[in-house]
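Enquirer: Got a predicted model here, sequence first, then my questions.
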Amino acid sequence: MTRAQRISKLRHRIYEILEHGAISDHIGRFISRMLVLLIIVNLVAVALESVRELGDRFELLFFAIEAISLVVFTVEYVLRVWVAVEHERYLKLAPITMRLKYALSPSGLIDLLAVAPFWIALLTGTDLRVLLVFRMVRFLKLTRYSPGMRSLLDSLYAERRALFGCLVILIGATMVAASVMHLIEGAAQPDKFGTIPDAMWWAIVTLATVGYGDVTPITPLGKLFGSVVILAGLIIVALPVGIIATAFANEIHRRDFVVTWSMVARVPLFAELEAADIADISRLLRAQMVEAGTVIVRRGETGHSMYFVARGEVEIQLPHRQVRLGVGDFFGEVAVLRQSRRSATVTAVTRTNLLVLDAHDLEALMDREQRIADRIQEVMRSRIAREQVTPGGDIAAEEMEQGEAESESASKRKRRED
């Protein structure tokens with residue numbers, strides 16, 4: 001391996017650790033968690049350092065935290081700029097252009113603001129307390145590690161036009177409310193409503209439903225108009241709240257749907273289905289996370305759900321051997337369809353993310369889509385013929401035999417009752 005190839009391999013490895021830390025290997029997850037912890041320590045230190053007594057008493061500790069953070073975040077920034085050529089969306093650009101694109105991206109600018117001002121302060125001798133605002137900017141670095149924060153920012157960006165419209169409405173309502181209140185209360189309270197700019201403070205506080213109470217109308221007409229403004233404020237405030245809440249919920253559902261879609265598309269059971277069929281299945285699945293050692297299903301339990309392994313590994317404990325299933329595998333569908341009891345215990349080997357499809361949803365889907373029903377029945381028959389645990393599925397033969405035995409027993413009991 002040449003030197004250039006070794007450097008390229010190292011760069012790609014660092015890219016995987018930095019950009020996919022939360023979902024990569026143990027080293028990536030460890031570094032990701034350490035960076036998150038360092039960011040949180042920074043935020044706590046900034047808050048405590050603003051207390052004069054604590055700032056003077058633990059000055060060396062706060063300086064050490066800042067120095068370590070500055071070195072770590074600087075190294076992180078330099079590495080992120082270096083590995084920017086590994087980003088798939090930049091592959092068609094020249095290396096220098098790729099790195100410039102990253103440096104000017106929102107994430108790159110946040111990383112730069114987290115370190116550059118402090119190096120400037122150290123070189124010029126500026127008091128670090130002046131840079132308090134830039135130290136709090138490090139909070140925004142958490143968006144890289146928090147899917148929830150990323151989803152919220154994506155929601156705000158997606159609804160930027162609607163939110164700007166809400167802002168325009170708020171500004172217009174503030175101007176109208178301030179103008180009318182100036183006419184009503186201007187003579188009675190010239191110090192508070194003597195001009196429209198003075199009245200705008202009351203208008204914005206009232207429309208925002210904050211109501212500080214430092215400026216209030218005293219005339220009957222002013223109080224009546226103030227009541228109308230309060231009611232209008234409730235509507236105006238509700239608009240952006242509703243827009244953001246709906247967009248955030250849609251973004252979360254979209255991310256979950258994409259993850260679920262990719263998982264379902266890799267499952268052999270649904271490999272030949274069309275996109276519309278996979279979409280139907282994706283909407284029915286729910287996520288479940290289990291820790292290593294957790295028993296997912298136990299032998300003898302009634303089968304209520306089938307499971308898809310989205311991440312991690314599970315182990316099926318058969319009487320004479322053990323079988324492990326990984327990402328893309330599934331189990332439990334035969335017991336669900338035959339309404340029989342589990343013939344084996346399934347335990348999570350590692351921390352595992354599962355996608356769960358409940359029995360009634362599976363049956364409803366099969367009733368609605370004949371192609372899916374035919375596909376599942378075909379897989380069941382092939383497994384029964386093999387009489388073994390397939391690499392991608394359930395303990396078929398045992399569950400089928402047990403289910404048929406239980407069904408026959410139930411039929412006999414019913415005949416005796418009749």
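Expert: Received it, and whenever you're ready, just let me know what you need.
Enquirer: Now do the domain split for the chain, please.
Expert: 3-145, 160-253, 273-417 (automatic domain parsing).
Enquirer: Can I get those in a markdown table including mean neighbour count and mean pLDDT?
Expert: C-beta here means a position set from N, CA and C on the backbone, and glycine is covered the same way. Putting those into a markdown table (neighbours: other Cβ atoms under 10 Å; pLDDT from 0 to 100) gives the following:
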| stretch | mean neighbour count | mean pLDDT |
| --- | --- | --- |
| domain 3-145 | 15 | 80 |
| domain 160-253 | 16 | 90 |
| domain 273-417 | 17 | 71 |
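Enquirer: next one: the longest helix seen in the chain to chain centre, how far?
Expert: If you go by DSSP state H, the chain has its longest helix at helix 220-266. Averaging C-alpha coordinates over helix 220-266 and over its chain gives two centres that are 18 Å apart (Cα atoms, centre = their mean, to the nearest Å).
Enquirer: about what we covered before: quick one: closest of the domains of the chain to S151.
Expert: domain 160-253 (4.5 Å; Cβ to Cβ).
Enquirer: thought E301 was touching A344?
Expert: No. Taking Cβ atoms under 8 Å as the definition, E301 is not a contact partner of A344, at 10.5 Å.
Enquirer: Export stretch 202-210 to CSV, keeping only CA atoms.
Expert: The C-alpha trace of stretch 202-210 is given here as CSV (Å, rounded to 0.1, in the frame of the first residue of the first chain):
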residue,chain,number,x,y,z
TRP,A,202,-47.2,48.1,25.0
ALA,A,203,-48.5,46.7,21.7
ILE,A,204,-45.7,44.1,21.2
VAL,A,205,-45.9,43.0,24.9
THR,A,206,-49.7,42.6,24.7
LEU,A,207,-49.8,40.8,21.3
ALA,A,208,-47.1,38.4,22.6
THR,A,209,-49.4,37.7,25.6
VAL,A,210,-46.6,38.5,28.0
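Enquirer: Need the contact partners of that stretch.
Expert: Contacts to stretch 202-210, defined as Cβ atoms under 8 Å, 6 or more residues apart in numbering, come from residues 170, 173-175, 177-178, 181, 192-193, 211-212, 215-216, 226, 229-230, 232-234, 236-237.
Enquirer: Next: stretch 51-62.
Expert: Counting by Cβ under 8 Å, 6+ apart, the neighbours of stretch 51-62 from elsewhere in the structure are 45, 48-49.
Enquirer: quick one: secondary structure of Y307?
Expert: In the three-state summary, Y307 is assigned as strand, counting by DSSP: H, G, I helix; E, B strand; the rest coil.
Enquirer: Could you do R29 as well?
Expert: State at R29, reduced to three classes by three-state DSSP: helix.
Enquirer: in this structure, which spans are strands?
Expert: If you assign secondary structure with DSSP state E, the strands in the chain sit at 286-290, 295-297, 305-311, 314-317, 322-325, 330-331, 345-348, 352-358.
Enquirer: Now render these as CSV, adding distance to I31.
Expert: Compiled in CSV, the strands of the chain are given as follows (distance: least, Cβ to Cβ, whole Å):
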stretch, distance to I31
strand 286-290, 22
strand 295-297, 30
strand 305-311, 19
strand 314-317, 27
strand 322-325, 28
strand 330-331, 32
strand 345-348, 25
strand 352-358, 21
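Enquirer: Out of those strands, which is closest to F30?
Expert: With distances scored as Cβ to Cβ, the stretch of these nearest to F30 is strand 305-311 (17.3 Å).
Enquirer: Just list the residues touching the residue lying closest to L113 once chain neighbours are set aside, thanks.
Expert: In space, L113 comes closest to V137 once its chain neighbours are excluded; the distance is 4.9 Å by Cβ to Cβ, 6 or more residues apart in numbering. Contacts of V137 were listed using Cβ under 8 Å, 6+ apart, and they are 110, 113-114.
Enquirer: Kindly report the same for L284.
Expert: 357-358, 361-362, 365.
Enquirer: So it versus P197, what's the distance?
Expert: 57 Å (Cβ to Cβ, to the nearest Å).
Enquirer: same check, this time on G186
Expert: 12 Å.
Enquirer: try E66
Expert: As judged by Cβ to Cβ, E66 and P197 stand 42 Å apart.
Enquirer: same thing with V81?
Expert: 46 Å.
Enquirer: Chain neighbours aside, what residue packs nearest to F118?
Expert: Of all residues beyond its chain neighbours, the one nearest F118 is L70 (5.2 Å), with distances taken as Cβ to Cβ, 6+ apart.
Enquirer: The one you found touches P117, doesn't it?
Expert: No. Applying Cβ under 8 Å as the test, L70 and P117 come out as separate, 10.2 Å apart.
Enquirer: thinking again about what came up before, so which two of the contacts of L284 are the farthest from each other?
Expert: Spatially, the most separated pair among the contacts of L284 is D358 and L365, at 10.5 Å (Cβ to Cβ).
Enquirer: that older thread, ok, which of the domains of the chain comes nearest L152?
Expert: The closest approach between L152 and any of the domains of the chain, judged by Cβ to Cβ, belongs to domain 160-253 at 5.8 Å.
Enquirer: What's the separation between I252 and M149?
Expert: 12 Å.
Enquirer: likewise V314?
Expert: Look at V314 and M149: by Cβ to Cβ, they are 31 Å apart.
Enquirer: and what of W202?
Expert: 35 Å.
Enquirer: now the contacts of L284 in JSON lines, with distance to F30?
Expert: Written out in JSON lines, the entries for the contacts of L284 read as follows (distance: Cβ to Cβ, whole Å):
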{"residue": "L357", "distance to F30": "33"}
{"residue": "D358", "distance to F30": "36"}
{"residue": "D361", "distance to F30": "38"}
{"residue": "L362", "distance to F30": "39"}
{"residue": "L365", "distance to F30": "40"}
